[in-house]
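> here are the coordinates; sequence isn't available:
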DNA sequence: CCAAACCTACGACGGCGGCCGAAGTGTTCC
DNA sequence: GGAACACTTCGGCCGCCGTCGTAGGTTTGG
């Protein structure tokens, strides 16, 4: 149940203990309402979620604390590799195909500022990404920062851009991403990051 | 990682804390050595297992207690529906496509007795099952009984047989299986079960 | 009573990944 | 040295399931 990214996103979104509508959970997971409905039915059948009808909407919440405990236990395993030589990993790493870590969170925050023109400045073609089968925008919760970073087709396109421009280079056999000197100035310029952001 | 049946079987086999060879784990999971090798590589990469070379064999064990904790937390969810009106469920239930519960465990124990002719008596065609892509025999650990019951292609064939003969009937929207009166005498005859086995 | 909003059922598509056979590498034992 | 054994890599097959478009049902609000 938790192995599917969409279902995991829905369960993670409910980890605060509150309840959300099916529509909201679909947005959280970055899928359509039809897909979300299918997933929610399975999660309820697995006794991991419960629901309550409020008029024409259905509100879902975690079925119990044991579900949350299982999710946290799995998160523990996922974030376990951090304590050691994890400073670089915590700063910038590859999360599937997009950027995660402190840099990923900072970039996402700037992207969400109203009125910014970062995507146009970077030459990201949103229309081309829209045509992809994949959801354009997805927010992925960062295990180290506990804040969202941009994922989905847009997140993948951004990381591809960073790599093409040689702002980031990936480390062999690792999720680590290293910021080049060109990258430091470019990220600072496009995303309004202070110079000492990279030297903390 | 834990969502795949083969990987889950391997991890469950290691839940006693001891270590096992790759070959042994392949047998536990009911897959070939090649497939097991692939799974074990992934589990090690995910920091869920560790290994130690002993001559020409590799012995794997759980990477730590947090892995066991996550597995137990997930098992808790899986077995949570039992406490309430769970007597029938604990006695005989459908586990995917095969029989589980006290009856499933008892049947498995009889099948493993040397010299028994139960499969031939029931008309199970082992050669036909062999040709399936699916592993013929797989042992599934019963969460309520903590003992193995037969799964895999053979387990599925057996349950199909039970249902065709109307020894077991499934309950709508539930994993519950009800033993018919014909089933009670048939199970008693073929598997040497005392009459009071069904009335305890 | 109509339009809008929310959720669901059905069907089809497509990709990911589990699976195994064959072949290769390294180790043990006689 | 040679045979048996344990594990790995490579390649290709195939089935499962996540995804969405279309369509239909239900509730809300005007």
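Received, thanks. As the structure is a prediction and not an experimental result, all values here were calculated from the model.
> buried residues in the helix or strand harbouring residue A:50?
Taking DSSP states H and E as the definition, residue A:50 sits inside strand A:49-54. Residues of strand A:49-54 classed as buried: A:49, A:51 (neighbour count, 16 or more other Cβ atoms under 10 Å in any protein chain shown). Glycine gets a C-beta too; all of them are placed from N, C-alpha and C.
> Describe which strands that strand pairs with in its sheet and in which direction.
In the sheet, strand A:49-54 lines up against strand A:57-62 (antiparallel) (DSSP bridges).
> Show me what stretch A:1-16 is in contact with.
Here stretch A:1-16 makes contact (Cβ atoms under 8 Å, 6 or more residues apart in numbering or on different chains) with A:20, A:24-25, A:28-31, A:35-36, A:39-40, A:42-43, A:46, A:48-49, A:60-62, A:67-68, A:70-71, A:74, A:138, A:140-141, B:1-3.
> And the residue of chain A closest to DNA strand D?
For chain A and DNA strand D, the shortest gap (Cβ to the nearest atom of the strand) falls at residue A:55, measuring 3.2 Å.
> Report how many residues lie close to that residue.
A total of 5 residues lie near residue A:55 under the criterion other Cβ atoms under 10 Å in any protein chain shown.
> so how far is residue A:18 from it?
Per Cβ to Cβ, to the nearest Å, residue A:55 is found 18 Å from residue A:18.
> do the same with residue A:73
Relative to residue A:18, residue A:73 is positioned 21 Å away (Cβ to Cβ).
> and stretch A:44-56, how far apart are its ends?
The straight-line separation of the ends of stretch A:44-56 (Cα to Cα, to the nearest Å) is 18 Å.
> Ignore what I typed, I meant stretch A:39-57.
Terminal residues of stretch A:39-57 are spaced 16 Å apart (Cα to Cα).
> Work out the gap between it and the centre of the chain.
Remark: stretch A:39-57 is offset 24 Å from the chain centroid, using Cα atoms, centre = their mean, to the nearest Å.
> next one: stretch A:118-136
Centroid separation between stretch A:118-136 and its chain, computed with Cα atoms, centre = their mean, is 17 Å.
> quick revisit: which of residue A:73 and residue A:18 has more residues huddled nearby?
residue A:73 (19 against 10).
> Which strand or helix spans that one?
helix A:65-78.
> if you average pLDDT over that helix, what comes out?
Across helix A:65-78, the average pLDDT comes to 78.
> buried ones in that helix?
A:66, A:67, A:68, A:69, A:70, A:71, A:73, A:74, A:77.
> worst-scoring helix or strand of chain A, pLDDT-wise?
Here the helix or strand of chain A ranked lowest by mean pLDDT, DSSP states H and E is strand A:138-141, holding a mean of 62.
> from the middle of its chain, how far away would the next helix or strand after that strand be?
Downstream of strand A:138-141, the next assigned helix or strand under DSSP H and E is strand A:148-151. When distances are taken as Cα atoms, centre = their mean, strand A:148-151 is centred 3 Å away from the chain's centroid.
> Can you list the strands that strand A:148-151 pairs with?
Using DSSP bridges, the strands paired with strand A:148-151 are strand A:138-141 (antiparallel).
> Quick one: name the residues of chain A near chain B.
Chain A comes close to chain B at residues A:1-3, A:46-48, A:64, A:66-67, A:69-70, A:73-74, A:76-77, A:80-81, as judged by Cβ under 8 Å from any Cβ of the partner chain.
> run the last query once more with 6 Å
Chain A comes close to chain B at residues A:3, A:47, A:66, A:69, A:70, A:73, A:74, A:76, A:77, A:81, as judged by Cβ under 6 Å from any Cβ of the partner chain.
> buried ones in stretch A:24-41?
A:24, A:25, A:26, A:27, A:28, A:29, A:30, A:31, A:36, A:37, A:39, A:40.
> related to what we said a few turns ago, now distance to DNA strand C too, for the residues of chain A next to chain B, in JSON lines please.
Output for the residues of chain A next to chain B, formatted as JSON lines (distance: Cβ to the nearest atom of the strand, whole Å):
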{"residue": "A:3", "distance to DNA strand C": "9"}
{"residue": "A:47", "distance to DNA strand C": "16"}
{"residue": "A:66", "distance to DNA strand C": "23"}
{"residue": "A:69", "distance to DNA strand C": "25"}
{"residue": "A:70", "distance to DNA strand C": "20"}
{"residue": "A:73", "distance to DNA strand C": "20"}
{"residue": "A:74", "distance to DNA strand C": "16"}
{"residue": "A:76", "distance to DNA strand C": "21"}
{"residue": "A:77", "distance to DNA strand C": "17"}
{"residue": "A:81", "distance to DNA strand C": "19"}
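> can you give me the strands in chain A?
Taking DSSP state E, the strands of chain A run over residues A:20-21, A:49-54, A:57-62, A:93-95, A:98-100, A:138-141, A:148-151, A:168-170, A:177-179.
> between those, which gets the lowest average pLDDT?
strand A:138-141 (a mean of 62).
> which stretches of chain A aren't confidently modelled?
A:16-17, A:65, A:80-87, A:95-97, A:131-135, A:138-148, A:171-175, A:200 (pLDDT under 70).
> Name the residue of it that lies nearest to chain B.
residue A:3 (3.3 Å; Cβ to the nearest Cβ).
> Flag every residue of chain A that's near DNA strand D.
Applying Cβ under 7 Å from any atom of the strand, one finds that chain A approaches DNA strand D through A:4-6, A:31-32, A:34-35, A:38-39, A:42, A:55-56, A:133, A:135.
> before we move on, the earlier item: show me what the helix holding residue A:73 is packed against.
Helix A:65-78 sits against helix B:65-78, with contacts defined as 3 or more Cβ pairs under 6 Å, 6 or more residues apart in numbering or on different chains; DSSP states H and E.
> distance between the helix it packs on and the chain's centre?
18 Å.
> any idea of the angle that helix forms with helix A:65-78?
150 degrees (axes from the mean of the first three to the mean of the last three Cα atoms, to 10 degrees).
> For residue A:21, see how far away the residue in chain A sticking out farthest from the centre is.
Going by Cα atoms, centre = their mean, the residue of chain A most distant from its centre is residue A:55, 31.4 Å out. Distance, residue A:55 to residue A:21, using Cβ to Cβ: 10 Å.
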